[in-house]
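Undergrad: Quick check, what structure comes out for this input:
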Amino acid sequence: MNDMSNRFLLSLTLATALFTGACSTNPATGEKQFTALMSPAQEQKVGADEHANVVKSMGVYDNPQLQAYVSGIGNALAKNTERPDVTYKFTVLDSPMVNAFALPGGYVYVTRGLLALANSEAELAGVIGHEIGHITARHSAERFSQGMLASLGTAAISIALDSPDVSKMAGLGSDLYLKSYSRGQEHEADTLGIRYLHRATYDPHGMASFLKNLDQNSQLEGQIEGASGDGFSYFSTHPRTADRVAQASATAAQYPATDYKSDHSYLDNLNGMVYGDSPEQGFAKGVNFYHPKMGFTYSVPQGYKIYNDASKVVAKSKDKGGAVIIFDGASRENGMSAKSYVASVWLNNEPIKSGIETITINGMNAATASFEANISNVLMDVRVVAVEWSANQFFRFQMAIPKNANAALMDGLKRTTYSLRAMTAQEKQTIKPDRLRIVTAKAGDTAQSLSAQFPFDDYREERFRVLNGMKANEQVMAGFRYKTISDK
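TA: The predicted model follows:
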């Protein structure tokens, strides 16, 4: 037997021994699982390290009262779990996305967007309970250990075949495996979450109730984005919402009806919460983008939708033949001119036929250039603009423009470039982000009337119904409280 065969047998034996000798019974699920390659202490360290990254990239919503409220719900659930060794930390993230997730070691996150979509404390508790379920079931440790075992096993095969390509494929497969929970793990987390709801005297049907509303929201997002809605779901790593609704309802029905916690305070805690983009990262009002903290504003053409995140602002035309506009910032060192920046830094001294033009935008020195580029296998014109915003910062526009763009499209992009300016003191005081406002319906109020002032050009009534968990034909009831959106 040659040396390569010996190494293969050693690796295979080690992999088998690890799996068969290191399974343990999880106290929450009662099932045996392989988690030997990530201990509870390691889970805590991984969670603590990644928590700092999550906070840095997404930001914490600056509302101590709301943070304390959500932590109170989470702690009420956590004290009823099978893992007293875990110290939980619950955080509301300053994001409009409808999302929630957990890190190993007890770190649970929910976004402002998710809080806005939920309509009761039981619904929010269902989401938090699900994420706690992932932690008590040690799904991260299970995924990590199995992924590492998969890598070890395929490494042994690679040795046997003497093929490094097999090892590369193994790494790719393991990486993909670790990116998402299995359907079995998701169902397990739902089951555990509902168990914790019941133990904490929350209505165990809260999870299914939220998932139903989530499904409506996903369908509406699909309509707004021009899709069928079939491809939209809770999180990219979760199973389809409709499947989860049926399973969660069946699981909740197994628990006897009892007196559950009243949650009349839920809407009170949401009143005044920022809705949509965070003022810390700037926000859109129609075709205008404002950043009061940094003190600038600009406008995009009519028919464009603005998407904002921590690093850039993207505006896309709702028409397929439109352009894409990306706005961001870059450091300016040693008083470098915009023209020098475009030439030597942005374009890396690559020659372009059109040359670099110096321009002035509302009193600010700027430079612009255009060139052809292949973007996603489509030849397009690209225009870049650098603006000397301050002594240490450039603002930048990058525009991907279809070939043979008409004059109207080009005029709109030019107006966008020249619209960049400083906000006035009055604008900083008067232009505010949108917020949730809780109103009590009066006689004669309808979904249409209560949504008439929503800051959207389309689907106002549909957004109102989804926001409040209402069915398509459900009527507004006088004396009942509803969520609305306003910048007042």
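
Undergrad: Just the buried positions in stretch 468-483, please.
TA: Within stretch 468-483, the residues that count as buried by 16 or more other CB atoms under 10 Å are 468-470, 476, 482-483. Placement of C-beta: from N, CA and C, glycine included.

Undergrad: any idea which of those is closest to residue 204?
TA: Lowest distance from residue 204 to those (CB to CB) belongs to residue 469, with 17.4 Å.

Undergrad: show me what contacts the closest one?
TA: 119, 209, 212-213, 216 (CB atoms under 8 Å, 6 or more residues apart in numbering).

Undergrad: Tabulate those in TSV, adding columns for secondary structure.
TA: Formatted as TSV, the contacts of residue 469 follow (DSSP: H, G, I helix; E, B strand; the rest coil):
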residue	secondary structure
119	coil
209	helix
212	helix
213	helix
216	helix
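
Undergrad: Now the buried members of these.
TA: 119, 209, 212-213, 216.

Undergrad: What strand or helix carries the residue nearest to the spatial centre of the chain?
TA: In the chain, the centroid-proximal residue (CA atoms, centre = their mean) is residue 97; its distance is 4.6 Å. Applying DSSP states H and E as the criterion places residue 97 outside every helix and strand.

Undergrad: shouldn't it be in contact with residue 109?
TA: No - here residue 97 lies out of contact with residue 109, judged by CB atoms under 8 Å, at a distance of 11.0 Å.

Undergrad: Which parts of the stretch 151-300 of the chain are strands?
TA: In the stretch 151-300 of the chain, the segments counted as strands under DSSP state E, counting those that start in this stretch are 283-285, 288-291, 296-299.

Undergrad: what lines up beside the second one in the sheet?
TA: Spelled out, that is strand 288-291. Strand 288-291 pairs in its sheet with strand 283-285 (antiparallel), strand 296-299 (antiparallel), by DSSP bridges.

Undergrad: Now render those strands as CSV, adding mean neighbour count.
TA: Shown next, in CSV, are the strands paired with strand 288-291 (neighbours: other CB atoms under 10 Å):
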stretch, mean neighbour count
strand 283-285, 21
strand 296-299, 21
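
Undergrad: right, and those strands - which one's nearest residue 185?
TA: Nearest to residue 185, of all the strands paired with strand 288-291, is strand 283-285, at 36.3 Å by CB to CB.

Undergrad: Now that closest one: average pLDDT?
TA: Averaged over strand 283-285, pLDDT sits at 92.

Undergrad: Now for the chain, the helix or strand with the poorest mean pLDDT.
TA: Least confident element among the helices and strands of the chain, by mean pLDDT, DSSP states H and E: helix 164-178 (a mean of 33).

Undergrad: Residue 132 in helix, strand or coil?
TA: Classification of residue 132 by three-state DSSP places it in helix.

Undergrad: hang on, isn't it packed against residue 79?
TA: No - assessed by CB under 8 Å, residue 132 is found out of contact with residue 79, at 10.6 Å.

Undergrad: of these two, who's got more company?
TA: Applying other CB atoms under 10 Å to residue 132 and residue 79 shows that residue 132 carries more neighbours, namely 28 against 12.

Undergrad: Where does pLDDT dip in the stretch 51-200 of the chain?
TA: Within the stretch 51-200 of the chain, the set of residues satisfying pLDDT under 70 comprises 139-180.

Undergrad: how about residue 66, secondary structure?
TA: For residue 66, the secondary structure call by three-state DSSP comes out as helix.

Undergrad: In this structure it contacts residue 91, no?
TA: No - Residue 66 is not in contact with residue 91 according to CB under 8 Å; the separation is 11.0 Å.

Undergrad: higher neighbour count, these two?
TA: Using other CB under 10 Å as the criterion, residue 66 and residue 91 rank with residue 91 on top: 20 against 17.

Undergrad: Tell me the first helix or strand C-terminal of the helix or strand containing the more buried one.
TA: Following DSSP H and E, one finds residue 91 within strand 89-93. Counting by DSSP H and E, the next helix or strand C-terminal to strand 89-93 is strand 100-103.

Undergrad: CA atoms only for that next one, dumped as PDB, please.
TA: C-alpha atoms of strand 100-103 as PDB (Å, rounded to 0.1, in the frame of the first residue of the first chain):
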ATOM      1  CA  ALA A 100     -34.200  38.900  12.100                       C
ATOM      2  CA  PHE A 101     -31.200  36.600  12.700                       C
ATOM      3  CA  ALA A 102     -29.100  35.100  15.500                       C
ATOM      4  CA  LEU A 103     -25.400  34.500  16.100                       C
END
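
Undergrad: chain center to that strand: distance?
TA: 11 Å (CA atoms, centre = their mean, to the nearest Å).

Undergrad: ok and the next helix or strand after it relative to strand 89-93, angle-wise?
TA: For strand 100-103, the following helix or strand on the C-terminal side (DSSP H and E) is strand 107-111. Angle, strand 107-111 to strand 89-93, by axes from the mean of the first three to the mean of the last three CA atoms, to 10 degrees: 20 degrees.

Undergrad: Off-centre distance for strand 107-111?
TA: The answer for strand 107-111 is 11 Å, by CA atoms, centre = their mean.

Undergrad: any residues touching the helix or strand following that strand, and which ones?
TA: On the C-terminal side of strand 107-111, the closest following helix or strand by DSSP H and E is helix 112-117. Here helix 112-117 makes contact (CB under 8 Å, 6+ apart) with 61, 66, 70, 92-100, 124, 127, 210, 213-214, 217, 270, 273-275, 278, 436, 466-467, 483.
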